[in-house]
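Participant: Predicted model and sequence below, questions to follow.
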Amino acid sequence: MYYKDFNLYTTQLKCRQKVFLGDKMKKQIINENQRGFLFKNGIFEKYLKAGKYRFLGKNNDIIVLNMESNFYIPGYPLEIFLKNKEVYEELDVINIKEEHIGIHYIDNKYNGYLVSGKYAFWNVHQKNTFKIINTSNIEVDDDIPKSLFLKIPIKLYTKIEVQSYQKGILSINGKITELLEPGIYYFWKNETKLDVRFVDTRALITEVHGQEILTTDKVQLRVNFVFTYKITDYVEIMQIDDFDKQLYLLAQFALREYIAKYTLDEILKNKHEIGAKVLENLKQKEKNYFVTFLDSGIKDIILPGDIKEILNQVLIAEKKAQANVILRREEVASTRSLLNTAKLLDENKTLYKLKELEYLEKIVDKVGNINLNSNTDLITQLTQILKS
């Protein structure tokens, strides 16, 4: 007895054919790139290579597999078919253990990856090779090409990229194991807990802002302060809880300690020296925090409204006083100059005459017309005018 029709279906990637034969004689063609499997009442009976076949009988069916894909027949374990010598010889069988992955190459070209399990691939028209990788160790072996990670899914590995201005602190199961230099690193995903913290190797700046501090003369100031630093030991700072906050508090206390010693006038007068004094204080604590403090300084000093108004009035008064002093100084200098000139003219008659002629020249420059009313010459007339 035979099935009455043919039923075609596919495997994972390629077409798989299931043939049902009816009461009449039916033929089945197996191509060169195919293999057939004859089942009777659900039991594997015969392995069919390329060729033409005729079947007559009931409860017989044929499954045809294309050889470009891996070997897989739903509902049947692989071991059933491996018992057949011909099937066994035309298959490459690979068994991937737990915490391992397999990389499948066909004719030395990447074809895919395999997780734990048993697989079979046709070897009639292709050469299969496999690379088995143990992923129980989180670190990737040096012989694994980095290009592989562009092909396998991200769920199998962890990618860590350390920038050129960073160091990476690698911790495995909570324990620091390695300092990562700039570059790209890959780690296998497994039960191991992986953590990476990045540390900036550049000079860093922190602002201590809005600090309200009371001076010795009871004036409350609001100060904005900045400092720069560079980390010297990237691993040891991992032992400091909330490293950034602790540096902030260190600078804050140093600033408050300094400003609280002085009056408002002293602070305003020595504003530019505050940064150097605070930096000197911070440098005494460098070894405890594994950093080098590079610079510090006052960004802003904000005064209360009433103090600011008083200081403005003082400033205006000072400027007015300075202006008056300068004005008086100029008046004195001018008077002294006139006195000296008068003494010289009184002592030297020739100089006095020259001065007269100088002023006469200035007067003549402003005269438009000169009328002569006598027979005397011009010089004589001018002389008489001056005498009169």
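Facilitator: Yep, that arrived.
Participant: need the contact list for residue 225.
Facilitator: 207-209, 211, 251, 255, 275, 278, 296-299 (Cβ atoms under 8 Å, 6 or more residues apart in numbering). Any C-beta I mention is one placed from the backbone N, CA and C, and that applies to glycine too.
Participant: Quick one, which of those are buried?
Facilitator: By neighbour count, with 16 or more other Cβ atoms under 10 Å, those hold 208, 251, 255, 275, 278, 296-298 as buried.
Participant: quick one: the strands in the stretch 101-250 of the chain?
Facilitator: Assigned by DSSP state E, counting those that start in this stretch, the stretch 101-250 of the chain shows strands spanning 109-114, 117-122, 128-134, 157-162, 166-172, 175-180, 183-188, 194-200, 204-214, 220-231.
Participant: Identify whichever of those lies nearest to residue 90.
Facilitator: Of all the strands of the stretch 101-250 of the chain, strand 117-122 sits nearest to residue 90, with 6.3 Å by Cβ to Cβ.
Participant: List just the nearest of the contacts of residue 225 to residue 169.
Facilitator: residue 251 (24.0 Å).
Participant: I'd like to know which elements the helix or strand where that closest one lies is packed against.
Facilitator: If you go by DSSP states H and E, residue 251 is part of helix 243-259. Taking 3 or more Cβ pairs under 8 Å, 6 or more residues apart in numbering; DSSP states H and E as contact, the helices and strands that helix 243-259 lies on are strand 204-214, strand 220-231, helix 271-283, helix 286-289.
Participant: Identify the residues contacting that helix?
Facilitator: 206, 208, 211, 213, 215, 221, 223, 225, 227, 229, 237, 240, 267, 274, 277-278, 281-282, 285, 289, 291, 296.
Participant: let's see it at 6 Å
Facilitator: For helix 243-259, contacts defined as Cβ atoms under 6 Å, 6 or more residues apart in numbering pick out 208, 213, 225, 227, 237, 277-278, 281-282.
Participant: Same question for stretch 37-53.
Facilitator: So stretch 37-53 is contacted by 28-30, 32, 36, 59-63, 80, 84, 86-87 (Cβ under 6 Å, 6+ apart).
Participant: mind running it again at 10 Å?
Facilitator: 16, 18-19, 21, 26-36, 55, 57-65, 73, 75-76, 80-81, 83-88, 90, 124 (Cβ atoms under 10 Å, 6 or more residues apart in numbering).
Participant: Show me which positions of it end up buried.
Facilitator: So, applying 16+ other Cβ under 10 Å, buried residues of stretch 37-53: 37-39, 44, 47-48, 53.
Participant: Go through the strands of the stretch 101-250 of the chain and name the closest to residue 332.
Facilitator: strand 220-231 (42.1 Å).
Participant: Now do the closest one against helix 271-283: the angle between them, please.
Facilitator: Strand 220-231 and helix 271-283 are oriented at 50 degrees to each other (axes from the mean of the first three to the mean of the last three Cα atoms, to 10 degrees).
Participant: Now flag whichever of the buried ones among the contacts of residue 225 is closest to residue 160.
Facilitator: Of those, the one sitting nearest to residue 160 (Cβ to Cβ) turns out to be residue 251, at 32.0 Å.
Participant: now the closest one: how far from residue 283?
Facilitator: Counting by Cβ to Cβ, to the nearest Å, the gap from residue 251 to residue 283 is 12 Å.
Participant: So for these two, which residues contact both of them?
Facilitator: 293, 296.
Participant: What's the per-residue pLDDT of residue 320 here?
Facilitator: Residue-level confidence at residue 320 comes out at 66, pLDDT.
Participant: Residue 126 now?
Facilitator: 93.
Participant: correct me, but it touches residue 70?
Facilitator: No. Using Cβ atoms under 10 Å, residue 126 makes no contact with residue 70, being 11.1 Å away.
Participant: how about JSON lines for the buried ones among the contacts of residue 225, with distance to residue 99 and pLDDT added?
Facilitator: Compiled in JSON lines, those are given as follows (distance: Cβ to Cβ, whole Å; pLDDT from 0 to 100):
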{"residue": "208", "distance to residue 99": "51", "pLDDT": "92"}
{"residue": "251", "distance to residue 99": "49", "pLDDT": "93"}
{"residue": "255", "distance to residue 99": "55", "pLDDT": "92"}
{"residue": "275", "distance to residue 99": "57", "pLDDT": "90"}
{"residue": "278", "distance to residue 99": "55", "pLDDT": "92"}
{"residue": "296", "distance to residue 99": "53", "pLDDT": "93"}
{"residue": "297", "distance to residue 99": "56", "pLDDT": "91"}
{"residue": "298", "distance to residue 99": "59", "pLDDT": "90"}
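Participant: so what are the domain limits for this structure?
Facilitator: 6-89, 98-197, 204-303 (automatic domain parsing).
Participant: Which of these sits closest to residue 333?
Facilitator: The nearest among these, by Cβ to Cβ, is domain 204-303 at 31.4 Å.
Participant: Show me how far that closest one is from its chain's centre.
Facilitator: Put simply, domain 204-303 sits 26 Å off its chain's centre (Cα atoms, centre = their mean, to the nearest Å).
Participant: Compute the first-to-last residue distance for it.
Facilitator: End-to-end span of domain 204-303 (Cα to Cα, to the nearest Å): 29 Å.
Participant: got it, and stretch 170-185?
Facilitator: End residues of stretch 170-185 are separated by 11 Å (Cα to Cα).
Participant: buried sites along stretch 103-122?
Facilitator: 103-104, 106, 111, 113-114, 119-122.
Participant: err, stretch 290-306, not the other one
Facilitator: 290-291, 293, 296-298, 301, 303.
Participant: Save the residues you listed as JSON lines, and put in distance to residue 343 and secondary structure too.
Facilitator: Compiled in JSON lines, the buried residues of stretch 290-306 are given as follows (distance: Cβ to Cβ, whole Å; DSSP: H, G, I helix; E, B strand; the rest coil):
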{"residue": "290", "distance to residue 343": "78", "secondary structure": "coil"}
{"residue": "291", "distance to residue 343": "73", "secondary structure": "strand"}
{"residue": "293", "distance to residue 343": "67", "secondary structure": "strand"}
{"residue": "296", "distance to residue 343": "62", "secondary structure": "strand"}
{"residue": "297", "distance to residue 343": "58", "secondary structure": "strand"}
{"residue": "298", "distance to residue 343": "56", "secondary structure": "strand"}
{"residue": "301", "distance to residue 343": "55", "secondary structure": "strand"}
{"residue": "303", "distance to residue 343": "55", "secondary structure": "coil"}
